[in-house]
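Colleague: Predicted model and sequence below, questions to follow.
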Amino acid sequence: MDAHSYLRDDVRFLNSVLLETIREQEGEQVYELVEKIRQLSRESRSASEESFVSLQSYLQKLPVEQMIPVARAFTYILSLANIAEQHHRVRRRRFYLRNPKSTPQRASLEATFTELLQSGISPEHLYEAVCKQEIELVLTAHPTEAVRRTLLLKYVEIAKILHKRDREDLTIREKNKLTEDLKRILTSIWGTDEIRTQKPTPSEEAYSGLLIFEQSLWESVPDYIRHLDETLKKFTGKGLGPHAAPFRFGSWMGGDRDGNPNVTPEITRRVCYISQWMATGLYIAELEKLKFELSMIRCNEDLRSKVREAHEPYREYLRIIIEKMQVTRNRLETLLAGKVAQRVEYYRESGVFYNDLHIIYSSLKECGYGNIAEGRLLDLLRRASVFGLSLVQLDIRQESSRHAAAMDAITTHLGIGSYLEWSEDQKIEFLVNELQSKRPLIPENLPTSPEVRDVIETFKALSGIRTEALGAYVISMAKKASDVLVVELLQKATGRQPHLRVVPLFETVEDLRNAGSILEQLFSIDWYRKHIGDRQEIMIGYSDSAKDAGRFSAAWELYQAQENLVRIARESNIKLNLFHGRGGTVGRGGGPTYLAIFSQPPGAVNGVLRVTEQGEMIQAKFGMPGIAFRSLEIYTTAVLQATLRPPASPEHNWRKLMQTMADLSREQYETLVKHTKDFVAYFRQATPESELSYLNIGSRPAKRKQGGGLESLRAIPWIFAWTQTRVLLPTWLGFGSAVIPMLESEHREEILQMYRDWPFFRSTVDLIEMVLVKTDAQIAARYDAVLVDADKKFIGQEIRAKLEKSTQALLMVTGQHDLLALNEALRRSIDIRTPYLDPIHLLQVELLRRLREDDTDDRFRRALLVTINGIAAGMRNTG
C-alpha cells in the first residue's frame, strides 16, 4: 500500500460517513441532490465545455432552500479533506521515524544537522547556534479565521479518530466504534450553525486564540524541545539545559488597536489577566500530576530546609507551590471581576516559579532520582521558561499619527506651540530634551479629544501591567525618527518602567525605502543609542507593500530594505532583530516557512526570527500536536540553515535585472489597479468584497476608514476577495509583463541562472507558482459574466490575459511543462479539491446576483456566507 493510498482511504472514509449523516439529517432528496452535483462536477472538468455549462445551469435553477444544504455539504467535504491531509502529514513523519534506514525527512533536525556537519560546520558551532537561537511566534487575530472555534475543536476530535484508525491491531468492534464516534461528531457538526451570529469582542478573540495552547502547544512545545535535546546529544555530544527556551510566543490579540476602536485600555489590561489566568490553570493541573508522581522521601538539604520535617518532602513543597499558584489564580479572577485584589503572596515573576521547581529538580538529581527529574518535571521547567506566567507577551500596536496628535494636545496646552506644525528637527530636539528632563510632562487637567484620551490612557494602563506580560510597542505607519521618540517620551511621561521596546513598522514601498535613513538618524542621537544598548528591533510589513506595488515588486523592495537595515546596524555595532509581519497568504508575505525564511538576504536572520502567525495559519500550523511539532522543527532548521549557511550576496548583474523586472512589474500592477478607469467598481462587482462584512470573523473593521477607494481597504479583505473568485491577482499581477521581455532578450540565460542559484529569486518564483496553480480563469470568467456591468467586463478580460501571460512566464523560468510538475503532493491536493470547489463557486456567483437584486432576503445572505467559508476551506486560506 503506497503512502498516498492511506490519504485516499481517509478521504473516502470521511466522505462516506458525512454523506450518510446528511442522508439521515436532511433526507433522501438532499442526499441525492448532493450526489448528483458531485457527479456533474466531476464530469464538468473531465469532459467538454458543455458539461461545465450544464453544471452552471443546474445550480442556477436551485431554490435557495436547496442551495444552503448543498453549499454546506461541499464545504464540509473540503474541511474533512483538510483534516485528512493534516493527519497524513503527521503519519508521514511517523513513517520516517519508524524506519531507521529511511532517509531522514527533509527539513527535519536529523537531515539538517547531518547536512550542516557535512558542509564543514563543527559540532561546537552547531551546538552554539542552536543554544543561541531566538524564535518568537506572534499570534495575531486578523480577521482571516473564517471557521468557528466550536467547529475547529470538533475537527481536532476527527483527527484523533483518524489517528486511532491507523492502528494495525484494531478489532472489527473497535473499527465500528470509531465509525460511530465519527458519525456522532459529524451529526453534531451538521446541526451546528457554522456562521457566527455576531462579531467577537477583542477579549473573546484573545481567549479563543489562546486556546491553541491548551489544544496543542502545551504538549507539543516541551515534546519538541525534548526531541531537539536528544538530537543535539546524538550529533554534538551535548544537550540542552532545563532552562532551554528556543521558542517564545507573543500576541497582538487585545493589544493591536491600529484601526480597531474596540481595543481599549481596559481591554488590554483584561486580556493580560486572561492570559495569566489560563497559564495558572495549566500549571496547577501539571503540578497536581507531578505531586502524585513524586512520592519519594529522600531529598537534599536545600529542599529539606523548605519543608522542615515533612515525611514526603517533594509532595509537601509541591503543595506549597500549588497553593501559591492558586492564590495567583484567585487574584486574577478578582481583577477580572473588576474588584480590587487584596495584598497576598503570589507569583509575580516566572523566575521565582522556575526557581521553586528547580529546587525539586536539583534534589532529585542529587538523590539518585535523575531519571524522574528528566521526566514530567523537566517538561514543566521548560514550559516555565518558554511560556512564563502568561503564555504570551502582549504587543501593543498603534498608528504613528495617533501619538503625534496626543503630543500636539500636550504641547498646545502647555503653550509651547503645535507639535504637528513643527519641523522634524524641532520635534526631535523637543523630544530628546524632554526624555532627559526630570519634570512631569502631562498636566492633570489636560483637555483632550476621545482619541487623544485613549492614547494617554493606554500608556497609563501599560504602566500598571507586569513587564513580563508585555512585549513590544509597535508603531504602524512609522515614517520618521520622531515617531519612535514620541512613544519613548509618552512611556516616560506615564511612568512605564522599564520602557517597552519601541518597534517602528515600515509597511509601504516608500516607507521601506526610507527605513535605513530613519535608523541612521535614530542611531546618531546619543540618548537613543544609550537607551537601546546594543539591540534594535524593526518590523517590516508584507501586506501593505504587496497591495501597494504587487507581490513581485514588493518582494524586491523588502529584500533591499532588509539589506540596508542589516548594513546600517552592523556599521553601528548593533544587533538587528527583524520582525516580519507576514500574512497567511503569499500575497501578504506568507507561504511555506522554509521558502519564506530563505527569501531573506544574507545576515538578515542571524539566529533571530520574530514573525506573525495570522488567522487561519495558527490552526494550520499548530492546531494538532503532531503538526505543531513539525512546524516548530521547520522553524528551527530553516533559521539554522539561514544563520550557518547564509546565501551569498547576489551578483551585480542579477541586482540590475531584478530592479528592471521589479520596476516593470510595479508599472503594470499600478496601471491596472490604480490607473484603470472603474477598476475599484469592477473589483467590487466581480468579487464578494462588499459582502465580506457580513462575516463576523474579527473584532477589527475591514476598512481603515469608511467609504473611499482602494487605499482605504485593508490588505486582508483585498486578498480575501480575490481568493474567493480564484483570481488571486495581487500575488502574480505584473510578473509575466516583467519576466517575459527579459526572457526574450539577451538576458535569458542570466534569468535562468538566477532561478538556479539565487535563493531569493527562486523562492519568490516558487511562491508565485504555488498561487498560480490555485487560480482558475474559467471560474473567474463566470463571476464576470454574471455580476459585472457590460462596460467593465474588459477589465476582467485583461486580467485573465495577464494571468495567462504570468503562467507562461513562470513555466519558461522553471523549465516545466505544467505548474507544480515537481510538486506532486500539492498538485494532487488541488486536483482533489476542484470537483468540490466548482459547485461552491457557481453557487456563490448565483447568490451574489440574487442578493444584489434583493438584499432583504436573509436566506441569500446566509447561503452566501456558507459559500465564502467553503471556498476559504477549499483554498486552505482566506486573507
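Modeller: Received the coordinates, thanks.

Colleague: So what's the residue count around residue 85?
Modeller: Neighbours of residue 85 under the rule other C-beta atoms under 10 Å: 18. From N, CA and C alone the C-beta is placed, and that goes for glycine too.

Colleague: Hmm, it is touching residue 830, no?
Modeller: No - counting by C-beta atoms under 8 Å, no contact exists between residue 85 and residue 830, whose distance comes to 11.3 Å.

Colleague: helices and strands of the protein: which one bottoms out on pLDDT?
Modeller: Sorting the helices and strands of the chain by mean pLDDT, DSSP states H and E puts helix 593-598 at the bottom, at a mean of 79.

Colleague: who touches that one?
Modeller: By C-beta atoms under 8 Å, 6 or more residues apart in numbering, the residues outside helix 593-598 that reach it are 107, 580, 582, 589-590, 605, 609, 631, 634-635, 637-639, 641-642, 647, 759-760, 763, 766-767.

Colleague: residue ranges for the strands of the stretch 551-700 of the chain, please.
Modeller: 575-581, 608-614 (DSSP state E, counting those that start in this stretch).

Colleague: Can I get the ones you listed in CSV including distance to residue 316, mean pLDDT and mean neighbour count?
Modeller: Supplementary listing: the strands of the stretch 551-700 of the chain in CSV, determined by distance: least, C-beta to C-beta, whole Å; pLDDT from 0 to 100; neighbours: other C-beta atoms under 10 Å:
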stretch, distance to residue 316, mean pLDDT, mean neighbour count
strand 575-581, 43, 94, 21
strand 608-614, 41, 92, 25
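
Colleague: closest to residue 283 out of the ones you listed?
Modeller: strand 608-614 (23.5 Å; C-beta to C-beta).

Colleague: Residue 751 reaches residue 738, doesn't it?
Modeller: No - because the distance of 10.5 Å does not satisfy C-beta under 8 Å, residue 751 is recorded as not touching residue 738.

Colleague: so where does the closest residue to residue 771 other than its chain neighbours fall, helix or strand?
Modeller: With C-beta to C-beta, 6 or more residues apart in numbering as the measure, residue 731 is the residue that lies nearest to residue 771, at 4.3 Å, once sequence neighbours are left out. Element membership for residue 731, per DSSP states H and E: helix 729-732.

Colleague: same for that helix, what does it pack against?
Modeller: Packed against helix 729-732, as judged by 3 or more C-beta pairs under 8 Å, 6 or more residues apart in numbering; DSSP states H and E, are the following elements: helix 543-549, helix 551-571, helix 715-724, helix 759-772, helix 793-814.

Colleague: Just the buried positions in it, please.
Modeller: Within helix 729-732, the residues that qualify as buried by neighbour count (16 or more other C-beta atoms under 10 Å) are 729-732.

Colleague: Please apply the same query to stretch 199-208.
Modeller: For stretch 199-208, burial by neighbour count (16+ other C-beta under 10 Å) applies to 199-200, 202-208.

Colleague: which residues touch residue 217?
Modeller: Residues 249, 622, 628 are the ones in contact with residue 217 under the rule C-beta under 8 Å, 6+ apart.

Colleague: now residue 307
Modeller: Remark: with contacts taken as C-beta under 8 Å, 6+ apart, residue 307 is in contact with 299, 313, 316-317, 320.

Colleague: how close does it sit to residue 652?
Modeller: As judged by C-beta to C-beta, to the nearest Å, residue 307 and residue 652 stand 69 Å apart.

Colleague: distance of residue 727 from residue 301?
Modeller: From residue 727 across to residue 301, the span is 71 Å (C-beta to C-beta).

Colleague: Comparing those two, which shows the higher neighbour count?
Modeller: Taking neighbours as other C-beta under 10 Å, residue 727 and residue 301 compare with residue 727 leading, 27 against 8.

Colleague: what pLDDT does that one get?
Modeller: We have a pLDDT of 96 for residue 727.

Colleague: cool, and residue 709?
Modeller: Model confidence at residue 709, given as pLDDT, is 61.

Colleague: related to what we said a few turns ago, can you list the buried residues in the helix or strand following the helix holding residue 731?
Modeller: The first helix or strand that comes after helix 729-732 along the chain, using DSSP H and E, is helix 735-743. By neighbour count, and taking 16+ other C-beta under 10 Å as the criterion, the buried residues in helix 735-743 are 735-740, 742-743.

Colleague: any chance of these in TSV, with distance to residue 664 and pLDDT too?
Modeller: As requested, the buried residues of helix 735-743 are exported to TSV (distance: C-beta to C-beta, whole Å; pLDDT from 0 to 100):
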residue	distance to residue 664	pLDDT
735	10	98
736	10	97
737	6	95
738	4	97
739	9	98
740	10	97
742	8	97
743	12	96
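
Colleague: can you list these in a markdown table and add distance to residue 468?
Modeller: Formatted as a markdown table, the buried residues of helix 735-743 follow (distance: C-beta to C-beta, whole Å):
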| residue | distance to residue 468 |
| --- | --- |
| 735 | 45 |
| 736 | 50 |
| 737 | 51 |
| 738 | 48 |
| 739 | 49 |
| 740 | 54 |
| 742 | 52 |
| 743 | 54 |
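
Colleague: nearest to residue 73, of those?
Modeller: residue 735 (36.4 Å).

Colleague: Could you work out the most separated pair of the contacts of residue 307?
Modeller: The most widely separated members of these, counting by C-beta to C-beta, are 299 and 320 (13.7 Å).

Colleague: Helices along the stretch 351-500 of the chain, start to end?
Modeller: Listed in chain order, the helices found in the stretch 351-500 of the chain under DSSP state H, counting those that start in this stretch are 370-372, 378-387, 400-414, 424-436, 450-462, 481-493.

Colleague: Tell me which of those helices lies nearest to residue 189.
Modeller: Distances from residue 189 to each of the helices of the stretch 351-500 of the chain were compared using C-beta to C-beta; the shortest belongs to helix 378-387, at 31.2 Å.

Colleague: so where's the protein uncertain?
Modeller: With pLDDT under 70 as the threshold, the chain has low-confidence stretches at 1-3, 47, 142-147, 583-591, 696-714, 877-879.
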